[in-house]
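> here's a sequence, model it:
(2 chains, ligands or ions: 3)
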Amino acid sequence: MIPEPFEYEVAESADHALELLGRFGTDAKLLAGGHSLLPLMKLRLALPPALVDIGRLSDLSYIRDNGDAIAVGALTCHEDLQFSDVLKQHCPIVSHAAGEIGDPQVRHRGTIGGAVSHGDPAADLASVLLTLDAEFVIHSTSGDRVVPAADFFKDLFEVDISTQEMLTEIRIPKLQGAGWSYQKFHARAQDWAVVGVAAVVNRSNGSIDAAVGLTTMGDTPLRARAVEEALSSGADVATASQEADRDTNPPDDHMGSAGYRRELSKVLTRRALEESLSR
Amino acid sequence: MKRIAVTVNGTRRESEVEPRQLLVIHLREDLGLTGTKIGCDTTSCGACTVLIDGKSVKSCNVLAVQADGREVTTIEGLAADGTMHPLQEAFRNNHGLQCGYCTPGMIMAALSLIDAGTPLEDEEDIRLALEGNLCRCTGYQNIVKSIKDAAGQMRSSASA
Ligand SMILES: Cc1cc2nc3c(=O)[nH]c(=O)nc-3n(C[C@H](O)[C@H](O)[C@H](O)COP(=O)(O)OP(=O)(O)OC[C@H]3O[C@@H](n4cnc5c(N)ncnc54)[C@H](O)[C@@H]3O)c2cc1C
Ligand code: FES
Ligand code: FES
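Ligands and ions are numbered 1, 2, ... in the order given. Alright, predicted model coming up:
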């Protein structure tokens, strides 16, 4: 399958990409690794009249230690996240989750910016970054704005980036020694998550302070707030995990029914919390 | 149409392509390199795996224009002066193929893994690292054996 024809230009810089978006109009799309966009275009589920290729912006491929946070350029590919020593040291959940994406070929092409901008609730990095309260730097001709993860994911395939903006950087707070886990459940190694659960856990005076995020449990990546609240009011892990599917809306598809996903989310939440507490 | 120049198996190839042309079709139909196969066309099976700048990619999900200025290696680029590459030799010696349709992709994926230093001593490691490549014939046993054999040889000759 070859996509429908489209116009194509290579961006030489982030500002040049914005200029090209301005010229092509609101239906044009940025092309990063193309590993979410091109499959949709081949299937005619997306028909952008023009693509602006940002895949050559190597100055937006970086992983830097900025003190309290790690700054990651939007064009950094999954493989670089997976093998980054800086991330392994300060945000090991990110390098672990990146290594769980697709297969090596996919990880060589797909980028962190594309993974979150696509707004797919099945994206492993999206729920992990939501759990970590990461921040997204959005660039436009009027400058940069910084959006917290809690406000970034709007709806199915919809995030807080307009057609004339571009994500340039993701700022990920360091774990500072917190326990962590990412439980991805899939039948075959290269598959997407039927359900995924991310957890970051600190113990504070006897109670558990946890952030828990869910992959493929609704129209966006979600936080399991009911689990977090149960734990902070003293519930044990097994009891709190029973709240994992509260306020979720999981899909019903060939990988699993909604009811199956609800049960799975509870089991995976328990496993994620137990593993986090053991680290 | 876009003018692109891709270094394919060491030779610079200039062409005019439509931006929507897939790299796999550019290789097979424009450049006549039919060693690279199309199995699924949905980025699942890995039959179309080639290297871009030394790293494995599924060329059914890459545009030819995205390879402009890059180095692409296909299965045709492995044998040198009539001598098979150690991976090709290992697949032959270990009966690592039956119909052979998945083989070019398996070999290119394995080459990328070996070059990247991926641990491949253990059969379990090889199976997991090959998650992006499917074979409908062999049951994988001899593919795993072939890659273990080649990786061992390539690494010991590299460190010798
Ligand atoms: C076979 C296969 C298996 C996969 N398995 C998984 C999996 O298990 N888990 C998982 O999480 N993902 C998986 N993916 C998706 C993969 O992670 C993609 O790489 C990723 O979702 C998109 O990144 P990309 O760079 O390819 O983006 P593209 O496809 O280039 O872009 C995706 C969207 O984001 C927009 N965009 C891209 N970059 C920016 C930017 N900087 N600013 C604003 N908008 C931007 C584009 O315009 C487009 O709308 C898989 C993909 C394939 C093909
Ligand atoms: S043909 Fe490209 S992955 Fe199957
Ligand atoms: S040998 Fe036939 S598909 Fe692998």
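> domains of chain B?
Following automatic domain parsing, one finds the domains of chain B at B:2-77, B:86-159.
> nearest to A:V227, out of the ones you listed?
Between A:V227 and the domains of chain B, the shortest gap by C-beta to C-beta is with domain B:86-159, which sits at 30.3 Å. (C-beta placed from N, C-alpha, C; glycine too.)
> what about the residue in chain A positioned nearest to ligand 2, how many neighbours?
Closest to ligand 2 within chain A is A:Q105: 7.7 Å, counting by C-beta to the nearest ligand atom. Using other C-beta atoms under 10 Å in any protein chain shown, A:Q105 has 30 other residues around it.
> and for the one 3 residues further on?
Neighbour count of A:H108, defined by other C-beta under 10 Å: 25.
> low-scoring stretches of chain A, by residue?
In the prediction, chain A carries no residues with pLDDT under 70.
> what about the helices in the chain?
Defaulting to chain A. A:14-24, A:37-42, A:78-82, A:85-90, A:92-99, A:104-109, A:112-117, A:124-131, A:149-152, A:225-232, A:237-241, A:258-277 (DSSP state H).
> wrong one, I was asking about chain B
Taking DSSP H, the helices of chain B run over residues B:23-25, B:86-93, B:103-115, B:123-129, B:141-159.
> so for ligand 3, which of the ones you listed sits nearest?
helix B:103-115 (6.1 Å).
> tell me the angle the closest one makes with helix B:141-159.
40 degrees (axes from the mean of the first three to the mean of the last three C-alpha atoms, to 10 degrees).
> which positions within helix B:103-115 qualify as buried?
B:103-114 (16 or more other C-beta atoms under 10 Å in any protein chain shown).
> cool, and stretch A:179-188?
Applying 16+ other C-beta under 10 Å to stretch A:179-188 flags A:179-185 as buried.
> where does the residue sitting nearest the centre point of chain B land on pLDDT?
Centroid-nearest residue in chain B: B:M108, 2.2 Å away (criterion: C-alpha atoms, centre = their mean). The model reports B:M108 with a pLDDT of 98.
> nearest spatial neighbour of it, skipping sequence neighbours?
B:T49 (4.4 Å; C-beta to C-beta, 6 or more residues apart in numbering or on different chains).
> what sits against the one you found?
Contact analysis of B:T49 by C-beta atoms under 8 Å, 6 or more residues apart in numbering or on different chains lists A:105, B:36, B:56-59, B:104-106, B:108-109, B:112, B:132-133.
> thought A:G99 was touching A:R107?
Yes. Using C-beta atoms under 8 Å, A:G99 is in contact with A:R107, at 7.4 Å.
> now do the shared contacts for those two.
Joint contacts of A:G99 and A:R107 (C-beta under 8 Å, 6+ apart) are A:78, A:82.
> comparing these two, which shows the higher neighbour count?
A:R107 (24 against 16).
> look up how far ligand 3 lies from that one.
As for A:R107, its distance to ligand 3 is 23 Å (criterion: C-beta to the nearest ligand atom, to the nearest Å).
> right, and that residue touches A:E100 too?
No. Using C-beta under 8 Å, A:R107 is not in contact with A:E100; the gap is 9.5 Å.
> near ligand 3, which residues of chain B? Just list them.
B:97-102, B:135-138 (C-beta under 6 Å from any ligand atom).
> and which of those is nearest A:D53?
B:C102 (30.3 Å).
> what's the burial count for the closest one?
B:C102 - counted by other C-beta under 10 Å - has 26 other residues nearby.
> roughly how far apart are it and B:I25?
Distance, B:C102 to B:I25, using C-beta to C-beta, to the nearest Å: 19 Å.
> isn't A:E243 right up against A:R223?
No. Look at A:E243 against A:R223 with C-beta under 8 Å: they stay out of range, at 11.9 Å.
> quick one: name the residues of chain B near ligand 2.
B:38-41, B:43-48, B:58, B:60.
> need the buried ones from the residues you listed selected in ChimeraX.
Buried subset of these, written as a ChimeraX selection, criterion 16+ other C-beta under 10 Å:
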select /B:38,39,41,43,44,45,46,47,48,58,60
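> just the ones in strands from the residues of chain B next to ligand 2, please.
Counting by DSSP state E, the part of these found in strands is B:K58.
> out of the residues of chain B next to ligand 2, which is nearest to B:E123?
So of the residues of chain B next to ligand 2, ranked by how close each gets to B:E123 (C-beta to C-beta), first place is B:G46, at 18.6 Å.
> get me the contact residues on chain B for chain A.
Residues of chain B lying near chain A by C-beta under 8 Å from any C-beta of the partner chain: B:2, B:18-22, B:25, B:41-44, B:46, B:49, B:52, B:55-58, B:61-63, B:65-66, B:68, B:109, B:112-113, B:118, B:128-129, B:131-133.
> and these, which are buried?
B:2, B:18-22, B:25, B:41, B:43-44, B:46, B:49, B:52, B:55-58, B:61-63, B:65-66, B:68, B:109, B:112-113, B:129, B:131-133.
> distance check, A:A193 against A:P148.
23 Å.
> who has more neighbours, these two?
Of the pair A:A193 and A:P148, A:A193 is the one with more neighbours under other C-beta under 10 Å, namely 26 against 13.
> is it true that that one touches A:Y182?
No. Using C-beta under 8 Å, A:A193 is not in contact with A:Y182, being 9.5 Å away.
> which neighbours do those two have in common?
With C-beta under 8 Å, 6+ apart, A:A193 and A:Y182 have common neighbours A:D124.
> returning to what we had before: distance to ligand 1 for the contacts of B:T49 - can I get that in TSV?
Compiled in TSV, the contacts of B:T49 are given as follows (distance: C-beta to the nearest ligand atom, whole Å):
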residue	distance to ligand 1
A:Q105	8
B:T36	17
B:S56	13
B:V57	11
B:K58	7
B:S59	12
B:P104	18
B:G105	14
B:M106	17
B:M108	16
B:A109	13
B:S112	16
B:G132	8
B:N133	12
